[in-house]
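# Model the following, please.
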Amino acid sequence: MKRIGILTGGGDAPGLNAVIRAAVKTAILQCGCEVFGVRDGYDGFLSKHGIIPLGLNEVSGILPRGGTILGAANRGNPFARKVIRDGREVVVDMSNELVDSMRHSGMDALLVLGGDGTLRIAHELYQKGIPVIGVPKTIDNDIGGTEVTFGFDTALNVATDAIDRLHTTAEAHHRVMVLELMGREAGFIALHAGVSGGADVILIPEIPFRFDSIIAKIRQRVERGSLFSILAVSEGAKPLGGTEVFSRGGDEIYVPRLGGIGQIVGDYVEKQGYEARVTVLGHLQRGGTPTAFDRWLATRYGAAAVRLAARGGFDRMVSLSAGQITDVALEEALAVPRRVDLNEDAVITARGMGISFGDE
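Numbers count the residues shown, from 1 in each chain. Now for the predicted structure:
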């Protein structure tokens, strides 16, 4: 193995630069390899200046930085790429061009840092002969085959801090504070932040809720003398018998964008006579300095990915299991997305402490 490529795809997440740094240093110092960065996800292979050398100087000082020095593209699918042909916008498969570009670059391995969409593309490219290694990245923590993805812990800390801050103003003004959090179809951020921040109601995609159950919890608190309530709402939460709420639809390129359920919940609470305010934390959960845990996990993932490539373990993903770094087949990791297990102690603990999930 003489040359390694690295790309970061999908939405950004704290810890991407830590993975890049660890991979570059391990590849150069331990394996004696050259390393190249692919700019803006898979799009870099289709761009004239999309591949750049990465040496020790290029990764110096990036460990605590959020985002990614390589850029990312969450719509950069080479199997379905929008281009203009004969004056019309069409969707074409450019995966063969990508394969040719990588082979021309002389890369012996490609480390793909991304979520389920980016990693699924990596698996499909492996079937076309590209030697890929996956590194699980997403703040949503929804990738199978690993106990945790890097980026999640930072998002969790930001969300918990937001709940802490909302507590003081909620108590001062006797209001119901609704905080809408990211997570897509997985409720890990809302669940963990809700428990860590002392939320009274947690709404997650895995548990359809009833509006009257939310009001019952708020009323119960008022009757006990607690004139405020905190609601942690995952963007993918939905009422019983209802559907998810989207702020934007999707097509063959764009994934539908979740958002708006927090406002719907807040409006309903107001109609029942309780003053409510809604905060959508949004991309604040993605940005900023990664936590120590995310730096630690990302560094271990990056180094392990290079070692896995050196062993020829392609079409696999590095993962965390029982505190140890291991690896699993990409196909296995992508087979079943990770979701909150309603029978595990996190939900049981929350219920036992009187937190409502809106289903009782």
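# How many residues are close by residue 79?
Neighbour count for residue 79, taken as other CB atoms under 10 Å: 16. For glycine as for every other residue, the C-beta is placed from the backbone atoms N, C-alpha and C.
# What separation do you get for it and residue 5?
Distance of residue 79 to residue 5, given as CB to CB, to the nearest Å: 19 Å.
# So if we follow the domain assignment, how does this protein break up?
Per automatic domain parsing, the domain ranges recorded for the chain read 3-150+290-321, 154-287+341-352.
# got the ones you listed as JSON lines, with mean pLDDT and distance to residue 329 columns?
As requested, those are exported to JSON lines (pLDDT from 0 to 100; distance: least, CB to CB, whole Å):
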{"stretch": "domain 3-150+290-321", "mean pLDDT": "95", "distance to residue 329": "6"}
{"stretch": "domain 154-287+341-352", "mean pLDDT": "95", "distance to residue 329": "21"}
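# In JSON lines, list these along with distance to residue 335.
Formatted as JSON lines, the domains of the chain follow (distance: least, CB to CB, whole Å):
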{"stretch": "domain 3-150+290-321", "distance to residue 335": "6"}
{"stretch": "domain 154-287+341-352", "distance to residue 335": "16"}
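# and of those domains, who's closest to residue 332?
Among the domains of the chain, the nearest to residue 332 by CB to CB is domain 3-150+290-321 (5.7 Å).
# got the end-to-end distance for the closest one?
Using CA to CA, to the nearest Å, the end-to-end distance of domain 3-150+290-321 comes to 29 Å.
# Centroid-wise, who is the farthest residue in this protein?
Relative to the C-alpha centroid of the chain, counting by CA atoms, centre = their mean, residue 223 is the outermost residue, at 38.9 Å.
# OK, contacts around that residue?
By CB atoms under 8 Å, 6 or more residues apart in numbering, residue 223 lies in contact with nothing.
# Next secondary structure element downstream of the helix or strand containing residue 221?
Using DSSP states H and E, residue 221 maps to helix 211-223. Using DSSP H and E, the helix or strand that directly follows helix 211-223 along the chain is strand 229-234.
# what inclination does that next one have with respect to helix 211-223?
150 degrees (axes from the mean of the first three to the mean of the last three CA atoms, to 10 degrees).
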